[in-house]
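Trainee: Okay, predicted coordinates and the sequence, questions at the end:
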Amino acid sequence: MASLSSLLKVLLYGLIGLFLSIWVVQNPQDGLVARLVTYDKLAVLLLQHFYLVGVSALLAVLTAVPLGIALTRPGLKSWAPRVLALVNIGQTVPSLAVVALSVGFLGVGSLTAIVALWIYSLLPILSNTLIGLQEVDSSITEAAHGMGMKGRHVLFRVELPMAAAMIMAGIRTAVTITIGSAILAAFVGGGGVGNLIIAGNNISRWQVLVLGAALPVLMALMADVIFESLEKKVRV
Amino acid sequence: MIRFENVVKRYPGEGADAVHNLNFEIASGTICMLVGPSGCGKTTTMKMINKLIRPTSGAILIDGRNIDTVDTIELRLSIGYIIQDIGLFPHMSVGENIATVPGELGWKKERINARIEELLELVDLNPKVYRNKKPNELSGGQKQRVGVARALAADPPIMLMDEPFGALDPITRAKMQDEFLHIQEKIRKTIVFVTHDIEEAIKMGDNIAVLKAGQIVQLSSPMEILSNPADPFVSELIGGRNSLKMLNLMLCGQIMKSLSPSEGEKARATGHGLLGLKATAQDALSEMLRTGQRFIYVEDGDRIVGVLEFEDLLERASRHGLSQ
Ligand SMILES: Nc1ncnc2c1ncn2[C@@H]1O[C@H](COP(=O)(O)OP(=O)(O)O)[C@@H](O)[C@H]1O
Ligand SMILES: [Mg+2]
């Protein structure tokens, strides 16, 4: 069963993260590391990271999906190709640049980090929503209209369910990328696991650096597996 | 009754009318076939009836009411719609697909459930087996049956069918045609049926409208079309084999020589070949050719009521062939 193997993968990644954390905390090289890396501090940083990713991804879903829907309605349809082109260009801009830009506008703090991550994760969701809706066979939507379904029922009962897997794939991309990009939040005072990397670098302790790099990777792998199974679930 | 009055459709930016000055009527409870080559305007004509396409000018009336004055959703809910690729919703089960229009109409759950069962029985699919299947688990013919059931769900007086059997293999298509005619005998809908296959038009239609470049060149019964094609275009469309096609339209029951009950008894004793009242003259001819017999008896239930002779059939075929 696919969901069982997904569950095992998530557990495996979780356990690796857990053992790595335990190992660093239990075997501090010196007092500096012992003070810097405690279970409490790790929990706070992980929660912050989770919070940054969760809020920005949620905002991205809530904005990109309606925007994608609007851009496939008759009135705005002609704008879709232009928006899609713009989005594709936007996705080539490094996340660091987006973060730097939002510092310019908003100063430092977690709000800045969230705005930057939100904008960055908006793009894959928007482009997948657009493509997913455009790919719905027009003979099927025409049949739906021809049978007398109301416009909003065609959207919610036919188009969105048929585009759901594509949209979910966009969310999957957005979330996994954002988990990595959220490291940058630490540089603008937004907290998160990136703090470990900064601290590890400042005090030149390699195990702190490794932990700071490994935890987001493991989180991203877990998110990838979870969203992959969600994607399979909504596929028609 | 569906009535077209001076209906013209020109697509934006096109130099010519896709459909030009259509004036015709489709009587309630009959099947009107729209037939003609690809691009002649069949689909355009059909889609104007449920307002998927708006005419450039002219009016379409259903039972005397101009459809412009009817709410679009209300209109469409009263018209069953079946298209070539059927347009079944792939993410919904067979039952959910059929429930679409009743759901839009706000029917109660029990009523919808009962209707799904009833319709699946009607189109000869076992509800227990098929109700929860997804469209991709069905064969082409089964999908088509579900499409028919879905279009009939709210018992609409009118059905629009755009090449519904076009994608099926010939054997399945013939079977679906027979079954659909059988269903129509029970439900008596007003049906607009688009096809590019003249054989299908002859078999299914009460009337046939032959379209050419957006205009109707002939609208009459299949018999009339075959025996009196209005112009060379129609002759060419029906091809050279129309004397044989004509035999396809005659039922043994209509053209047999009647036999008295005692003659029937005697005929029975010979053990000679038999056909039913509803078999076509073509069936009779091929049966005679197959067996080498010069005549065949016609049976009604378990009684032999008539006889058909080889010479008589040939005579009928050639009579119509000559009038071409
Ligand atoms: N949306 C459209 N825009 C422009 N031209 C169209 C459109 N739909 C159909 N046509 C043209 O109108 C004519 C009739 O098309 P259609 O009704 O689909 O024919 P049929 O169903 O008989 O094959 C064709 O020449 C076709 O190219
Ligand atoms: Mg067509």
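Mentor: Great, that's in hand. Ligands and ions are numbered 1, 2, ... in the order given.
Trainee: Name the next helix or strand following the helix ranked longest in chain A along the chain.
Mentor: Longest helix in chain A by number of residues (criterion: DSSP state H): helix A:39-70. Sequence-wise, the next helix or strand downstream of helix A:39-70 (DSSP states H and E) is helix A:80-90.
Trainee: List the buried residues in the helix or strand following that following helix.
Mentor: For helix A:80-90, the following helix or strand on the C-terminal side (DSSP H and E) is helix A:95-106. Residues A:95, A:98-99, A:102-103 are the ones in helix A:95-106 that count as buried (16 or more other Cβ atoms under 10 Å in any protein chain shown). C-beta here means a position set from N, CA and C on the backbone, and glycine is covered the same way.
Trainee: Might you enumerate the residues of chain B proximal to ligand 1?
Mentor: B:11, B:14, B:18, B:36, B:38-44 (Cβ under 6 Å from any ligand atom).
Trainee: Among those residues, pick out the one closest to B:M250, please.
Mentor: Set against B:M250, the nearest of these by Cβ to Cβ is B:G36 (25.5 Å).
Trainee: Quick check on the residue lying closest to that closest one once chain neighbours are set aside: phi, psi?
Mentor: Distances taken as Cβ to Cβ, 6 or more residues apart in numbering or on different chains place B:L211 nearest to B:G36, at 3.7 Å, with adjacent residues excluded. Phi and psi for B:L211, reported as degrees, to the nearest 10, are phi -100, psi 140.
Trainee: which residues pair with B:L211 across the strands?
Mentor: With DSSP bridges applied, B:L211 shows beta-bridge pairing to B:I216.
Trainee: got the buried residues of helix A:95-106 as JSON lines, with pLDDT columns?
Mentor: Listed next are these as JSON lines, based on pLDDT from 0 to 100:
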{"residue": "A:S95", "pLDDT": "84"}
{"residue": "A:V98", "pLDDT": "86"}
{"residue": "A:V99", "pLDDT": "86"}
{"residue": "A:S102", "pLDDT": "87"}
{"residue": "A:V103", "pLDDT": "88"}
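Trainee: I'd like those as CSV, with distance to chain B appended.
Mentor: Below are the buried residues of helix A:95-106 laid out as CSV (distance: Cβ to the nearest Cβ, whole Å):
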residue, distance to chain B
A:S95, 35
A:V98, 36
A:V99, 39
A:S102, 39
A:V103, 44
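Trainee: what sits against the residue nearest to B:G36?
Mentor: With contact set as Cβ atoms under 8 Å, 6 or more residues apart in numbering or on different chains, B:L211 has these partners: B:34-36, B:40-42, B:45, B:217.
Trainee: Could you report the distance from it to B:F24?
Mentor: 11 Å (Cβ to Cβ, to the nearest Å).
Trainee: likewise A:R235?
Mentor: A:R235 is 46 Å from B:F24, by Cβ to Cβ.
Trainee: what about those two, which has more around it?
Mentor: Remark: of A:R235 and B:F24, B:F24 carries more neighbours, 16 against 13, as counted by other Cβ atoms under 10 Å in any protein chain shown.
Trainee: part of a helix, is the more buried one?
Mentor: No. Applying DSSP: H, G, I helix; E, B strand; the rest coil, one finds B:F24 to be strand, outside a helix.
Trainee: Name the residues linked to it by a beta bridge.
Mentor: B:F4.
Trainee: burial count for A:V10?
Mentor: Neighbours around A:V10, by other Cβ under 10 Å: 17.
Trainee: What is the one helix or strand it maps to packed up against?
Mentor: For A:V10, the element it lies in under DSSP H and E is helix A:2-26. On a contact count with 3 or more Cβ pairs under 8 Å, 6 or more residues apart in numbering or on different chains; DSSP states H and E, helix A:2-26 meets helix A:39-70, helix A:206-234.
Trainee: which parts of the last one are buried?
Mentor: Within helix A:206-234, the residues that qualify as buried are A:207-209, A:211-216, A:218-231, A:234, counting by 16+ other Cβ under 10 Å.
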